[in-house]
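> could you work out the structure for the sequence below:
(3 chains)
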Amino acid sequence: MIGQRLLRNPLTLASVMVLIGIHVLVFAGPLAWSVSPQQTSALNALLPPGPGHPLGTDDLGRDELSRLLHGGQVTLLVGFAAMVTSTFLGLLVGATAAFYRGWLDPVLMRLTDTITAPAFFLIVTAIVVLGSGPLTLIAVIGGTSWMQVARVIYGETLRFKAQDFVLAAEAMGARRGAILIRHVLPQTIPSVVVSATLGIGFAILTEAAVSYLGLGIQPPTPSWGNMLQNAQQYVWTSPALAIFPGLVITVVVLAYNFLGDGLRDAVDPRLRI
Amino acid sequence: MLLLVSAITFLLVNLAPGGPASLMRMDATPEQREALSLRLGLDQPVPVRYVQWLGGALHGDLGTSLGSNEPVALRVVQRLPNTLLLAGVALALSIVIGIPMGVVAALRRNSVPDFLLAAVSILGVSVPAFWLGIILILALSVNLNWLPSSGITSTAGEGGLVDRVQHLIMPALVLSTTVLPYVVRFTRSALLEVLHQDYVRTATSKGLARVRVVFGHALRNALVPVVSIIGTLVPRLVGGSVVTESVFGWPGMGRLAIEAANGRDYPLIVGITVIVASVVVLSSLIVDLAYTWLDPRIRLA
Amino acid sequence: MRMHWLHWRSGAAALAALVLFGAGCSPAAAPATQPAQPTNPPPTTAAAAQPTAAGAAKPTTAPASQPTQAAAPAQPTQPAQAQAAGQPQAGGTVTTPIGADPTMNPWHPNAFVESVFVNRVLFDSLTRPGKDLAPAADLATSWDAAPDGMSWTFHLRDDVKWSDGQPFTADDVLFTFNDIVLNQALAATGKGNFTAVQNVEAVNPTTVKFNLSRPFSALPSYLAYNAGILPRHAFASQDPFNDNAFNKGKPVSSGPFKVESYASGDSVVLTRNDAYFGGKPYLDKLVFKVVPDANTQIAQALSGELSIMILDNKAAVDRVKSAQQVRVEPRQLVQYYWLSLNQTDPRFTDVRVRQAFDYAIDRQAIITAVEKGYGKPANSAIVPAFTTYYDASHDSDYAFNPDKAKQLLASAGWQPGPDGILQKDGQPFQFTMDVGQRGVLQPTNELIQQNLKAVGIQADLNSMEWNSYIQKVVVNRDYTATVNWWVYPNDPDVFPYFASSAAGKGFNIPGYKDPKLDALLTAVQTETDLAKRKQDVVDLQSYMSANLPYVFMWYPQELDVINANLQGVPDLNLRDAMHYVQEWWLKK
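Coordinates of the predicted model:
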């Protein structure tokens, strides 16, 4: 039923198609377009689109299309992994706080609030401490963006906790933990999916922002974020270098956001207007 | 809670490889580094240093910044108002622009203005903020020379109100795009929900002008959840200010934090984190109170 | 079917906006003819005409009586107005960017990078960089070395006043050196340059004597390098590095401009010191504005908010050159980039291997890519800016030649392995290069990596944030190969960077030890006869080029972006040019 509603919305449909298209391009594309993303050629620096380089070359003469594809792999994977991490953490914290209440509840939720603000500062500090590889990035982004998910799950868990089927299960003697996992959590899956979808967009933007500060994926490995950072110097003479990664980030994040919004509306009957 | 945050941050930064920028220079000799370490008190173990810092902090002394030798509290106080100004104006902009947008979108739902507004607001949250910032600088400062491209005033103190406003516009706009979509979206859905309630339908069916209904009754009730949303926007603004301040050279806390992190200015990093966390907790407290005041049906738990 | 607000139309609108956005971002065919923004108010008094002895008050010095003095006489610096367009006009404000808040104390451990510009204006030194880079008179009018070379005597001016009215005396020099620079506990910045100084004594109120532990020909040049003199009376018994009223507020200074106001994170405003001993400066104010982002600096230079700056982002040079309201001037620097191959790694101790690296790396291509051509391949540590000493005969050494590189590697025992990577004794030629994220190091390393790959050497890159990089590579010497640069004072004495005694903990980063090189370095360091010293430096260059203690990369140039109205700036890199701000003037 949800799927039906979803697919009736042309915009969400378009987003899904765009996303599938981009992911296929990014992960399968290099098999077809096998130019190296790392091969430099100082003589061919900053070329406009032309033969051999459909999107031109960057400041060191590397093929821009190839870098965009390989960079996409890194960015999308990091985004996805960070989202999984944050969703898992958010689920853990939110559901536990809501279901078990007691002293856990205020403690966990206060923690959620407190970490939210200095989140970016914590990211910067953590990367400086732990170094800037992709694993650190995933852990750090995931570790600082679970709060939104936690709040949503918290609300949802509270809502479902009070419902009849839960009371019935308790009356039948089921253990609390089992109730949580087998009955309540599955009800929250739609919200989780929505949060997750929106979370990927956020993770991608955070990777870009962190790379802008020089703390993200390190060159020469391309990522959309660090390509954007590198292109900053060339906005005066070759703004195209900044446009391609920026455009592609925007399109992907836009698509994920549309998809997430569409999912949310398909899932939540109150907002179906 | 603040205690926990401060302890974690202190530990974290002191574990970082490298050291204060004044030691980590190509042209410093080992003797210089040692002497400097001693002067800065870095020869003592981390827990001892934390306890010392804590002792001072409880008396209001947040330590001395390694990068500038001034008290941490002073450095933060110098920059905090700038960030608050920027975030405040950005928040105000997003409310002033976003609520009307949301109202229009709700009233004209599923028509062209609705779609346009949706598009613009989602775009705002999808474009990397620093990219937007740089493009704006290029367009408005360099090519058109309409607006200054960085800083708070033209030359120290010289600028009057107009000058300050000119410097504030672009960064505030860029920063507000990070939260505008939420305001729009939430206002729209909150208003729509209210409009479908029985009492509204009753009022319209009784013949009251729609406008009167909307502005007189519905909007006020719709705004209540919107206020609660504002509370969650503040942290977002604070986080977004880091990048915006970098692009526009805005002398605020965000930039200070980056400088502090890069220069391993331990006391400053911890000081900033603690203060920022406090500010956010304070603001969400204020929002909670406002919420209660607006809707007497709610009682603080 | 209910229409949803997220209808396809809104999506289309979004995409349309995006496309328009993208189109709008295409290279702005910007009208280069922006009217130059007036950064200064109209002249208040036309009668301010010619300031007396403007800048020409640098006296000629009589060379000391001994004929074999290395004390180059101070140039009677011609005020720049002789060459500038028109007569200097008084008035106006010049704004220049700095990256962060300065610390206004040249010896403070935090006073490096941005503070240098401000401190060179505020505080005079015994000598200043001459326009030919030889040391010129500043607070000292003349100087000479003792016959045994173990001390230098400086004769000081007697007409200098501090900004609080107190007179400058020899005692201030003693305070600066004995109490601050040579004080081990204070860890003053730059004290490493004065390790040969034992103490400074006052012969009389206008004469000081530097007593040395070994001959030190370069002392006068080193005294012109971020070595400002501080007033004793301003510090009383305070710890000079904790005196924030001075360092971060309003210092007592002697230079042509003094601090008027300091706004943290924003700017430092200096105002003219009418009592400056070198004559009244033309400008009213000098503002150091905090602008950390390189692109923003460029935007501000183009819009007129900044009057003079260093173009850090050389990629923008064409765009900046095409703008009428600014001019771009290349400047010589005392700086060279190098690749350090750690000599504790046995692979690199063979000089043929180091030479192979030099041949394999296309340095001219790197200069073109990262410096936009503003630089020259380097084959020694002596820079072309030292017109007296530089030997151009080595300019074409190690021209890019991958085949020669392969030959040299083969002769050193490296044979191509099955995967194309060179091998010796079953070990592949593979290592990691640590890259510090600053300036042009990242793209440089990426280019080098590809050059090395082409001759069968696999260099993996490990990019690190600068602070961690320094700790790993410089403090701990835990690295195999790395690229970096040295900047040093205006003198060919490069002993600290190459001597065997400086390996390990000192500035000899590769740890190269060679007694022949030591002898050459010592000769340059101690020789007082100019002609003999010149020959020593020539020999030093030849030896360096042949033996490559570091693999020398290139000498960069600095690009200064100067507003068309700003005149009187000498042909020196901006840091050195700061010693001449009293000669700068603005054309109305």
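
> so how far is A:V210 from the residue of the stretch 101-250 of chain C found nearest chain A?
Using Cβ to the nearest Cβ, C:V113 is the residue of the stretch 101-250 of chain C that sits closest to chain A, at 16.7 Å. No exception for glycine: its C-beta is placed from N, CA and C like everyone else's. The gap separating C:V113 from A:V210 is 24 Å, by Cβ to Cβ, to the nearest Å.

> quick one, which of these two is more surrounded?
A:V210 (24 against 13; other Cβ atoms under 10 Å in any protein chain shown).

> could I get the pLDDT score of that one?
In this model, A:V210 is scored at 81, pLDDT.

> got phi/psi on it?
phi -70, psi -40 (degrees, to the nearest 10).

> in contact with it, which residues?
Neighbour list for A:V210: A:123-124, A:127, A:137, A:141, A:216, A:225 [criterion: Cβ atoms under 8 Å, 6 or more residues apart in numbering or on different chains].

> before we move on, what about C:P205?
With Cβ under 8 Å, 6+ apart, C:P205 has these contacts: C:158, C:169-171.

> packing partners for the longest helix anywhere in chain B?
Ranked by residue count, the top helix of chain B under DSSP state H comes out as helix B:72-107. Counting contacts by 3 or more Cβ pairs under 8 Å, 6 or more residues apart in numbering or on different chains; DSSP states H and E, helix B:72-107 packs against helix B:112-126, helix B:161-176, helix B:180-195, helix B:219-248, helix B:253-262, helix B:266-294.

> correct me, but the residue of the stretch 101-250 of chain C closest to chain A touches C:G99?
Yes. At 6.4 Å, C:V113 and C:G99 qualify as touching, with contact defined as Cβ atoms under 8 Å.

> apart from its chain neighbours, what residue comes closest to A:F80?
Spatially, and ignoring its direct neighbours in sequence, A:F80 is nearest to A:I200 (6.2 Å; Cβ to Cβ, 6 or more residues apart in numbering or on different chains).

> so what pLDDT did the residue lying closest to B:L180 once chain neighbours are set aside get?
Spatial nearest neighbour of B:L180, chain neighbours left out: B:S94 (4.6 Å); criterion: Cβ to Cβ, 6+ apart. B:S94 is assigned 88 on the pLDDT scale.

> same question, the one 3 residues further on
Confidence per residue is given as pLDDT, and for B:I97 that number is 87.

> please, which helix or strand holds A:G29?
helix A:10-32 (DSSP states H and E).

> I'd like the average pLDDT over the following helix or strand past that helix.
The helix or strand immediately downstream of helix A:10-32 is helix A:64-100, counting by DSSP H and E. Averaged over helix A:64-100, pLDDT sits at 87.

> buried ones in helix A:64-100?
Within helix A:64-100, the residues scored as buried using 16 or more other Cβ atoms under 10 Å in any protein chain shown are A:64-76, A:78-87, A:89-91, A:93-99.

> tell me what it is packed against?
Applying 3+ Cβ pairs under 8 Å, 6+ apart, we find helix A:64-100 packed against helix A:10-32, helix A:104-116, helix A:134-144, helix A:147-161, helix A:185-212, helix A:224-231, helix A:240-267.

> so is the first one next to chain B?
Same thing as helix A:10-32. No. Judged by Cβ under 8 Å from any Cβ of the partner chain, helix A:10-32 makes no contact with chain B; its nearest approach is 9.4 Å.
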